[in-house]
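# dropping the sequence and predicted coords here.
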Amino acid sequence: MARAGEQRGNEDSEFIERLVSVNRVAKVVKGGRRFGFAALMVVGDGRGRVGFGTGKAREVPEAVQKATQQAKRRMIRVPLREARTLHHDMRGCAGAGKVFLRSAPQGTGIIAGGPLRAIFEALGVQDVVAKAIGSNNPHSMVNATFEALSSMQSPRQVASRRNKKVSDIIVNREAARPHAEQQVEAAVEAADAQAKEAPSKAVKGAKEE
């Protein structure tokens, strides 16, 4: 029993846990309101596996524990390039959340903020450029990021599916990279312009009223 407990403790210590957000929630009951807390956790092993989970409880530690357990049950494996970055650029959408993920050369670091940084740190990514467009809700951003990561494919997987050599896939990827970068940059600029226009339209509408 003691040895099993030690093994379980070692397994738990191998995971990287990141608390993304904690919100205070209320449940309306007959006698009034019951207040509690909702936690959003990201858990990974730093070697290509990561998951996220949510938990609710009357106290913060219990909510964090529930979210951590759910995240460990929902972990996915993401193939990494040279064990440090993504294989290719991606975009993910989940509800109002939209994210762009781009592979980066060695030494770039993690250029991302908020929930995206927590995911990449738990995943074990060392070089990546990410931008969130749309909703700033942590849940939407996490869902959009995992939607993109779940579609990640390594050149070996693509080659086996298309009955080609891995070298052919890599050559085609490098040839198509400039066009993909232009598309990503254009989409980011369009989203930024749309975000800047939204406040001005709201002010203009208020003046007209």
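Looks like it came in fine. Residues are numbered from 1 along each chain as shown.

# how about the strands in this protein?
In the chain, the segments counted as strands under DSSP state E are 16-29, 32-44, 49-57, 76-77, 90-94, 97-103, 110-111, 128-134.

# can you pull out the residues in contact with the fourth one?
Counting by CB atoms under 8 Å, 6 or more residues apart in numbering, strand 76-77 makes contact with 48-51, 146, 149-150, all of which sit outside it. (Glycine included, C-beta is placed from N, CA and C.)

# so what's residue 90 closest to, chain neighbours aside?
Spatially, and ignoring its direct neighbours in sequence, residue 90 is nearest to residue 148 (4.3 Å; CB to CB, 6 or more residues apart in numbering).

# returning to what we had before: quick one: which of the contacts of strand 76-77 has the most company?
residue 50 (30 neighbours; other CB atoms under 10 Å).

# and that one, what are its bridge partners?
Counting by DSSP bridges, residue 50 forms beta bridges with residue 44, residue 76.

# ok, back up a step: any chance of the contacts of strand 76-77 in a markdown table, plus pLDDT and distance to residue 119?
Formatted as a markdown table, the contacts of strand 76-77 follow (pLDDT from 0 to 100; distance: CB to CB, whole Å):
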| residue | pLDDT | distance to residue 119 |
| --- | --- | --- |
| 48 | 88 | 13 |
| 49 | 91 | 12 |
| 50 | 93 | 6 |
| 51 | 93 | 10 |
| 146 | 92 | 8 |
| 149 | 90 | 8 |
| 150 | 88 | 12 |
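
# which non-adjacent residue is nearest residue 131?
Closest to residue 131 by CB to CB, 6+ apart is residue 100, at 4.9 Å.

# what is the burial count for the closest residue to residue 103 other than its chain neighbours?
Among residues not flanking residue 103 along the chain, residue 86 sits closest, at 4.3 Å (CB to CB, 6+ apart). Number of residues near residue 86 (other CB under 10 Å) recorded here: 24.

# quick check: the residue nearest to the spatial centre of the chain vs residue 75, distance?
In the chain, the centroid-proximal residue (CA atoms, centre = their mean) is residue 145; its distance is 3.5 Å. For residue 145, the distance to residue 75 (CB to CB, to the nearest Å) stands at 14 Å.

# got it, and residue 119?
With CB to CB as the criterion, residue 119 and residue 75 are 12 Å apart.

# average pLDDT across stretch 159-176?
Across stretch 159-176, pLDDT averages out at 64.

# in terms of neighbours, single out the busier of residue 119 and residue 75.
Shown here are residue 119 and residue 75; by other CB under 10 Å, residue 119 has more neighbours (29 against 17).

# mutual contacts of residue 119 and residue 75, please.
44, 50.

# on that earlier part again, would you turn the contacts of strand 76-77 into a markdown table with distance to residue 129?
Output for these, formatted as a markdown table (distance: CB to CB, whole Å):
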| residue | distance to residue 129 |
| --- | --- |
| 48 | 19 |
| 49 | 22 |
| 50 | 18 |
| 51 | 23 |
| 146 | 18 |
| 149 | 15 |
| 150 | 19 |
